[in-house]
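In: This is a predicted model, with the sequence first.
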Amino acid sequence: MTVSTTPAPTPWKRANTDWFHDARWGMFVHYLADSASNLKPITLTADDWNRRIDAFDVNGLAKQLAYARVPYFCITLGQNSGFYLSPNRTYDAIVGIKPSKCSKRDLIADLAAAFKPFGIRLMVYLPGGAPAADAVAKARLEEPVDERLSTIQRNWEAVSREWSLRWGKNVHGWWIDGPYNKEAYSHPDAPNYRSFASALKAGNPDSLVSFNNGLRLPLYSVTECDDFTPGEIERDLPVAPGCLPDYSRLQNFSRYLDGAQLHVLTIMGEWWGKHPKRFDDELVIAYTKYFNRKGGVISWDAPIQENGLMDEAFRPQIEALGHAIRAAKAQGY
């Protein structure tokens, strides 16, 4: 099923990334119904999911982030399971699954409201297409399939546009995992990267967008529609020549790569949202400062508890990092 929508086109523009650059770093979390990158169906029910989302302590998390001096926080909307932490009527109309796997509570709206008094910016993670482990949703979002993947592109733009319009300026950025078929999304005619970016910016033209095209070094920007580089480096911490970008392509004191703000996303733990910690505090702080000196921003993935509060094994490291970067900024680094 394809949702037929003909909204007024949103003028696309590259967003100003000054706030992101000035933040230096932020926290990234995988809050999912299953585990990160899981491709197997799970037995969780909609009621189970709603109880979990209802118990998420947004005010407690906001206070923890504020104490740790975390400038921005990026959270998964959902991933392969088909469970999402915000309602979406467009999604429900397309997939027809009842009861809906989209939560009744709009956790994104509640997080944004809790963060606002502390000046913490909220960003969201979303895969670039259908949930891979939900066969029903996948088929209804993707079929009929053509070589340009136009069905899933149009459907996913409509789903994303609903969320963007509802949240407006309360969401400051989108990290889109994929889409991996660069040829399909690079077509000069919509649907393409530009129409997707426009849908994501429908509620906030100043929102940042980045399209991840898989793990890759040196760092890259796959499209002019990237406001910042996706930078997924997983377990790597690139420092050597050949790993960091070709500096002949960097402008403005290394801050931009092909017009996109330089950024990397890596993990504090052994896997996305998993224990144990990989490094001592000193290394996490030193690498963050190192990448900041290159003009870049770094997002550190760390687990949180089911109730939304920081994982206690990681909280001291996040606090140490936040206070160290704040002190360094005060000294003019």
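Out: Yep, it's here.

In: residues contacting residue 210?
Out: Each residue near residue 210 by CB atoms under 8 Å, 6 or more residues apart in numbering is listed here: 173, 174, 175, 176, 226, 227, 228, 229, 230, 231, 260, 263. Quick note: C-beta positions are derived from backbone N, CA and C, even for glycine.

In: and which of those residues is nearest to residue 156?
Out: Using CB to CB, residue 176 is the member of those that lies nearest residue 156, at 9.5 Å.

In: Can you tell me how far residue 167 is from residue 52?
Out: Per CB to CB, to the nearest Å, residue 167 is found 21 Å from residue 52.

In: try residue 159
Out: From residue 159 to residue 52 the distance is 22 Å (CB to CB).

In: So for the two, which sits in the more crowded spot?
Out: With neighbours defined as other CB atoms under 10 Å, residue 159 and residue 52 compare such that residue 159 has more, 26 against 20.

In: That one touches residue 86, doesn't it?
Out: No - the criterion here is CB atoms under 8 Å, and residue 159 misses it with residue 86 at 10.7 Å.

In: residues of stretch 297-306 that come out buried?
Out: 297, 298, 299, 300, 301, 302, 303, 304 (16 or more other CB atoms under 10 Å).

In: and the residues you listed as TSV, adding distance to residue 149, pLDDT and secondary structure?
Out: TSV is the format used below for the buried residues of stretch 297-306 (distance: CB to CB, whole Å; pLDDT from 0 to 100; DSSP: H, G, I helix; E, B strand; the rest coil):
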residue	distance to residue 149	pLDDT	secondary structure
297	30	96	strand
298	32	96	strand
299	28	98	strand
300	32	98	strand
301	28	98	strand
302	33	98	coil
303	33	97	coil
304	33	98	strand
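
In: Show me which of these is closest to residue 184.
Out: Ranked by distance to residue 184 (CB to CB), the buried residues of stretch 297-306 are led by residue 299 at 26.7 Å.

In: For the closest one, name its beta-bridge partners.
Out: Judged by DSSP bridges, the bridge partners of residue 299 are residue 26, residue 265.

In: Surely it touches residue 268?
Out: No - using CB under 8 Å, residue 299 is not in contact with residue 268, being 10.4 Å away.

In: Just give the number of residues close to residue 126.
Out: Neighbour number of residue 126 under other CB under 10 Å is 20.

In: That one reaches residue 174, doesn't it?
Out: Yes - look at residue 126 against residue 174 with CB under 8 Å: they come within range, at 6.5 Å.

In: Make sure residue 75 is indeed in a strand.
Out: Yes - assessed by DSSP: H, G, I helix; E, B strand; the rest coil, residue 75 belongs to a strand.

In: Give me the pLDDT for it.
Out: Residue 75 is assigned a predicted lDDT (pLDDT) of 98.

In: contacting residues around it?
Out: Residue 75 touches 28, 29, 31, 85, 108, 111, 122, 123, 124, 125, counting by CB under 8 Å, 6+ apart.
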